[in-house]
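*Asks:* following is a predicted model, sequence given first.
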Amino acid sequence: MASSLTCAGIVWAFLSFLCAAASCVGFFMPYWLLGSQLEKSVSFGTFRRCSYPVRDETRQTTVMVEQCGRYASFQAIPSAEWRICTVVTGLGCGLLLLVALTALMGCCVSELISRTVGRVAGGIQFLGGKCSCGEGLAE
């Protein structure tokens, strides 16, 4: 198999894949914020949560559900800011993964990645990194 990448390009491809994988794992894990509520350890991320309070209508009390899960719907995410964060971070992770997988294919397929494609991929990767870091594009 011939590669369209130089030695530095191959290193870039593998590092890109590792960083994209780490970003995706961080995005899917519900451990962004840790704390306690009703004397139980709780944690949540943008669209997953662990050990969360639920109102028990039969007993008219609040009980803790000690399991991890996603929110029932996109609208169930607690605030508009967290919904925006979910979309922007997910978009960033998707862009990083797209570039990383394209770069890895460039390790195996000749003539796939040219200098121009590499520059465009670098720009997309920069945009994905800005989105997944939470800094957004407003700066």
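*Replies:* Received it, and whenever you're ready, just let me know what you need.

*Asks:* show me the contacts for residue 46.
*Replies:* 27, 32, 77, 82, 85, 86, 89 (C-beta atoms under 8 Å, 6 or more residues apart in numbering). For every residue, glycine as well, the C-beta is placed using N, CA and C.

*Asks:* would a markdown table of these with secondary structure, distance to residue 104 and neighbour count be doable?
*Replies:* Converted to a markdown table, the contacts of residue 46 look like this (DSSP: H, G, I helix; E, B strand; the rest coil; distance: C-beta to C-beta, whole Å; neighbours: other C-beta atoms under 10 Å):
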| residue | secondary structure | distance to residue 104 | neighbour count |
| --- | --- | --- | --- |
| 27 | helix | 20 | 20 |
| 32 | coil | 28 | 16 |
| 77 | coil | 32 | 20 |
| 82 | helix | 32 | 16 |
| 85 | helix | 28 | 19 |
| 86 | helix | 27 | 18 |
| 89 | helix | 22 | 23 |
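
*Asks:* using JSON lines, lay out the residues you listed together with pLDDT and distance to residue 61.
*Replies:* Conversion of those to JSON lines gives the following (pLDDT from 0 to 100; distance: C-beta to C-beta, whole Å):
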{"residue": "27", "pLDDT": "84", "distance to residue 61": "34"}
{"residue": "32", "pLDDT": "75", "distance to residue 61": "28"}
{"residue": "77", "pLDDT": "81", "distance to residue 61": "24"}
{"residue": "82", "pLDDT": "82", "distance to residue 61": "26"}
{"residue": "85", "pLDDT": "84", "distance to residue 61": "31"}
{"residue": "86", "pLDDT": "86", "distance to residue 61": "30"}
{"residue": "89", "pLDDT": "88", "distance to residue 61": "35"}
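
*Asks:* of all the residues you listed, which comes closest to residue 70?
*Replies:* Nearest to residue 70 among the contacts of residue 46: residue 77, at 9.5 Å, using C-beta to C-beta.
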